[in-house]
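[1] Using only what follows, build the 3D model:
(chains A, B and C)
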Amino acid sequence: MRAATPRPWWRRPHVVGPVLAVVAVLLAVSMVRTLTGTEALTGSGVVGATLRLAVPIGLAGLSGLWSERAGVANLGIEGMMIIGTVCGAWAGYAYGVWAGVLAGVVGGVLAGLLHAVVTVTFGVDQVVCGVAVNILAVGVARFLCVVAFNGLPGAGATQSPPVRGTIGTISLPVLAGGWGTPDLLGRLEQTHWFLLSDAGGILRGFLHDVSWFTVVAVALVLGSVLVLWHTAFGLRLRAAGEHPAAADSLGVPVQRMRYWAVLVSGGLAGLAGSYLVTVASNVYREGQTGGRGFIGLAAMIFGNWRPAGTVGGALLFGYADALQLRQSTAVHVLILLAAVLLWMAAIVGLRRRPRLSGVMALLGMTAFAVFQTTDAVPTQLVYATPYLATLLVLVTTAQRLRMPAYVGVPYRRGGA
Amino acid sequence: MSPHAVHEPPPLVELRGIGKRYPGVVANRDVNLAVHPGQIHAVVGENGAGKSTLMRILYGEEQPDEGELLLDGETVRLRSPADAIAAGIGMVHQHFMLAENLTVLENVILGAENTRWGLLDRRSGRRAVREVSERYGLDVDPDATVEHLGVGQRQRVEILKVLYRGARVLIFDEPTAVLVPGEVRALFGSLAGLRAQGLAVVFISHKLDEVLAVSDHITVIRAGASVGSFATADADPRRLSRLIVGGELPAPAARRRGGGGEVVLRLRGLRAEAVADATLEVAQGEILGIAGVQGNGQTELIEAIMGIRAVSGGSLHIAGREATHLGTRGRRRLGLACIPEDRHRQALALPATLWENAMLGSEDLRRRSRWRVDRKAARDATGRLVAGFGIRSPSVDVPAAALSGGNQQKLVVGRELGGRPKVLLAAHPTRGVDVGAQAVIWERLRDARDDGLAVLLVGADLDELLGLSDRVQVMLRGRLSPAVPVGELTVERLGRMMTGAEPEPVDSAAENR
Amino acid sequence: MRPARTPGWGVASTLAAPALALLIALTVSTAVLAAVGASPSRTYLTMLEFGVRPDSLVSAVNRSAIYFFAGLAVAVSFRMNLFNIGVEGQYRFAALLAAAAGTSFDLPGPLHLAVVCLVAVLAGALWAGIAAVLKTWRGVSEVLSTLLLNYVATAVIAFLLAEVFAAGSATGSTPELPPSARLPELDGLLALLGVSLPAGAHLGGAVLGAVVLGVAVHLLLTRTLYGYDLRMSGLNPAAAHAHGIDPRRMIIITMLVSGGLAGLAGLPDLLGNTYRYGVDFPSGAGFTGIAVALLGRNSPLGIALSALLFGFLERSALILDIEGIPKEIVTIMQGVIVISVVVAHELARRMDRRRTARLVREGAPATPTAPATPAGPAA
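    So this is what the prediction gives:
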């Protein structure tokens, strides 16, 4: 063997960058918390809520990742989630909560199958089909809701009866107080030390009272990494999205790989939907998905089509959502946080992109001025926080991303 | 190597009486070809002679309408590339089939992966790739990402892909088209290595010198049929070239000395991405050729002049007017026209009709239209264009996609010349078109030049470049050499300039390693 | 696209796809109805009977005007391969501002109305313009940004209603618009033509506006240089750019036009029905507009027909609840129509292309790729 060994994984750019970013954000958050005394910013309560809210977004993002890695843009994730919610609520009411989870997946897979048939077999524009799937899904859900739930106790024209049973939670022993053991991180959080108690609060939020569903979701992320990057199947699937003609010329069945990818994508989206009716709440309601499928896609874009980055994006949006729901007054502090982060970005980019840095610094100052001159964000606007955060992230990241080369391009042998 | 031995083993691959028709076109008829192990077999012919179709048949991408294909003396049917790979036939594509975002290793093992407990066994794959690359002298780092590799290295990855699958017959489709001379030498070294290991190499080319330098045996294809097959040692270059073109070589055209007119395109130290300090002048009635190996900034230079790529410094004058800060339309109004290098991407909207395409960029029709599209004028103008250039189309209302490549290109050339421009940028104006269209396009370019048009011609085909240009500048790593009158140039000198072997008096010495 | 020669074929292939889509939708909904135990034939008959009643027809036509505006807005962007999925947010935002503007000043009749419409157009264009700027400035996909802006619009509208325009109002809505800002009804015009409407049914003035605007947009798209530039940019942005059509400019203009049209979608309800903007203002037309544009193949006439179809379906479904059949079957029908129409059109497009290629080959003498005597560069 020659000396040309690959760089160890912890020094590769796609690992180093995010780690540095996380550290920088932690620093900024900790600073803002100390300055403003807004303990909720890094409280385990908010972080726990972040995790709970991030799960459907992360699953939606993972759904998009599977599909787009194989070269099929999936704008229909929102619709597949909707199908997941209505199927999940129906089976959850009829057969119990885990059956609901399973039914959500099945519903999502069926919706994914539709997307696959239309885009892969018929080669229809993938964005158009995704939009059409969403429209159809809304109709199907509305119809199923009326047909399946009408007249049941607790149900209405746009709402299902409650799902039977709940999914349990788990806390890590010793560190987060599982099974009656001490709650070390909890104590650390109470100290309000700079940085240390922030880290403690954040870790406790991730380890305390975690739903089994969340555990499953985390396992699915790890499983996706394993399958997509460490199996022959995954290599072929990614090749179908990076250069389908090359893959085809080597005997890789491109269309079949794309089918698999879109089916898995549908299943994950359906799972995200069933989460909404089994963990986030216990009923189906019209409009429940609230654009989380699209936010998930944004999380995937933010994560540069990589699982770890997608999870990061999901947590970010979950955080914006959690703060909004749990302590809407803290949203005002987010403006200061945005200012600090913009300034940090301006300093980092000073050398390579001086003009952009200037714009960022200016935006940061504007944000700071807004923070200084206002006391609170109007409650109606707080609702928009996750969507605005998503837009903000897209604005700052959209241009330096590397998407799979053939996303959105229908593949047919011999071109055209 | 002696393909003449009396007790010669059966050919590894043999094509007998192959014929292939497309609707309205005969691509191949009665082609015979026999390739032996340990042989480099060149298949030569003009562009459009039917070499590519033949190779697609050999690689299972097309099915022949008649004739048979024999492997080790037995008739086989190859229904797909997968069949061909299984039979030990591999193809090194001219346009690389590599996923840029994946590593060399991933590209090579794709579709033929080793796994352990269901997981990718990258280690054994890496070992196998190293083994193959060492045995045949192909040096590539398996863990490099393809997007970071140069052209020569990418080609080696393509060869690795084929060898990794245990191919015994390797088809090289115009492999030198994208290489600089140094890389060509390295490639020929690799080919010799393959031959030494007893593999059979099919080498497709239209460049006689290369064929004579590297091959053991030559088969000539003309107008879809094989018209001669003999050992390279017995080949006489003159006879060979007559065989290829079916007559005498086209004589270099009688040239009216161009130039001397007013300078209508002037670049002073123009800088853009991949273009450093480009300075050039084109006068009325002359053709300035830009030679160079692909990827040395020619594409970027043309796009910067067209106004679709940001210029970061220097100046650009069209017809005596400063145009550096004008947009594409402003420059076209000054008299700029362009035949882009990739007509499907930059020149035509394929689903749109001929007249809509003919109107694209036509300031004349736009002016006439004011705010409303003058369809009648556009149709009439298109009709004249179609007739004048002999474009084969039933009407001006069919989509451009329905035309053949040559007719599409004639439409583009006609459209750009039709606006009576002062300056024409022509990037590879005859790439991928049939011989007939090529002749028409060349003739029209000359006529326009003689009428006073200034042409900036970018080409990879040296024959075209030397045949048309009055002066030539060479582009290397984003820099332009001083202009050399074409009379003072030989192909050899040009080759040296293209690779930087001939130091230029410019301050590019530091660039030359 | 202008198909080659052979009159009749073009029309046939344009109609075949939607017809096939409707057939598939009918089949699917028949199966669904049968599956839930309702009689398909009785359902369709009931719908038809109720749907063709004069008052139903008037109501369907009124409803279709809304979908027509929304569909046009979507279609203009689709024509350039831009996906303005944010018509929903745009039209609601525009309706709020128009309602607020209409009550803040007084002008004589037609002028008042015109100003209110103008405000709606500008507000819709403004909201869509955000996405246009994000795309041209930072490369943000307009698909995601317009979608996300829908949710932001919801928040902004709630804020503006509660804190600015309806602050202190008991109903949570803007004050009622004065008659001078309302759309006239066309009943009188119909009476002149000898058509009398049943009592209680009124044909809204928006319908006339829709017809005029449809013709205008058709001319804009097919007869003007802007329409030409739009088409070329949509078909091949790189080629358009290389020939002087600035893509950024086209993106901005097209999104503004699309948003402006979207702004009109709220007006038939605002100026002809509710006369005020409140939390209960009808929503959802933006998404229906996408379906309508896809079914209508982005052409104004097609959009008009599909808007009428959607309006008819929704109106005629109202009877179903009384009959004990879930009226939501119509939402499934609409969804299936959309999916099957995009598939049907893709298939029709391929057939068309093969056919034209054949036509060109037959119309032109066949040539071998290499002539026997090659013509070199002629002197």
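[2] Stretch B:65-78 - what's its average pLDDT?
    The predicted model assigns stretch B:65-78 a mean pLDDT of 89.
[3] measure that stretch end to end?
    Stretch B:65-78 stretches 13 Å from its first residue to its last (CA to CA, to the nearest Å).
[4] what's it in contact with?
    B:10-21, B:30-31, B:57-60, B:63, B:83-84, B:87-89 (CB atoms under 8 Å, 6 or more residues apart in numbering or on different chains). Quick note: C-beta positions are derived from backbone N, CA and C, even for glycine.
[5] Can I have the buried ones of the residues you listed as a ChimeraX selection?
    Buried members of the contacts of stretch B:65-78, defined by 16 or more other CB atoms under 10 Å in any protein chain shown, are picked up in ChimeraX with:
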select /B:11,12,13,14,15,16,18,19,20,31,57,58,59,60,84,87,88,89
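[6] Let's see which of the contacts of stretch B:65-78 end up in helices.
    Among these, the subset assigned to helices under DSSP state H consists of B:57, B:58, B:83, B:84.
[7] Tell me how far the second one lies from chain A.
    Plainly put, residue B:58 is 14 Å away from chain A if you go by CB to the nearest CB, to the nearest Å.
[8] Residue B:125 too?
    For residue B:125, the distance to chain A (CB to the nearest CB) stands at 10 Å.
[9] Can you tell me the number of residues neighbouring that residue?
    Neighbourhood size, residue B:125 [other CB atoms under 10 Å in any protein chain shown]: 20.
[10] Repeat that for residue B:135.
    12.
[11] tell me the contacts of the residue nearest to residue B:354 when sequence neighbours are not counted?
    With sequence-adjacent residues excluded and distances taken as CB to CB, 6 or more residues apart in numbering or on different chains, residue B:354 is closest to residue B:396, at 4.5 Å. By CB under 8 Å, 6+ apart, the contact list for residue B:396 reads B:353, B:354, B:355, B:358, B:379, B:382, B:383, B:386.
[12] buried sites along stretch C:339-352?
    Of all the residues in stretch C:339-352, those buried under the rule 16+ other CB under 10 Å are C:339, C:340, C:341, C:342, C:343, C:344, C:345, C:346, C:347, C:348, C:349, C:352.
[13] go on, stretch C:319-329?
    So stretch C:319-329, judged by 16+ other CB under 10 Å, has buried residues C:319, C:320, C:325, C:326, C:327, C:328, C:329.
[14] So, low pLDDT: which residues of chain C?
    Chain C contains residues with pLDDT under 70 at C:1-13, C:357, C:359-379.
[15] In it, where's the longest helix?
    Once chain C is assigned using DSSP H, the helix that runs over the most residues is helix C:329-363.
[16] now for that one, which elements pack on it?
    helix A:126-149, helix C:9-35, helix C:285-295, helix C:300-317 (3 or more CB pairs under 8 Å, 6 or more residues apart in numbering or on different chains; DSSP states H and E).
[17] Any buried residues in the second one, and which?
    The neighbour-count check on helix C:9-35 (16+ other CB under 10 Å) flags C:13-14, C:17-18, C:20-22, C:24-25, C:28-29, C:32-33 as buried.
[18] same question, stretch C:71-89
    For stretch C:71-89, by 16+ other CB under 10 Å, it's C:71-80, C:82-89.
[19] starting at the chain centroid, how far to it?
    Distance, stretch centre to chain centre, for stretch C:71-89: 8 Å (CA atoms, centre = their mean, to the nearest Å).
[20] just stretch A:53-70 next, same as before
    Between the centre of stretch A:53-70 and the centre of its chain there are 6 Å (CA atoms, centre = their mean).
[21] go on, stretch A:347-359?
    With CA atoms, centre = their mean, you get 29 Å for stretch A:347-359.
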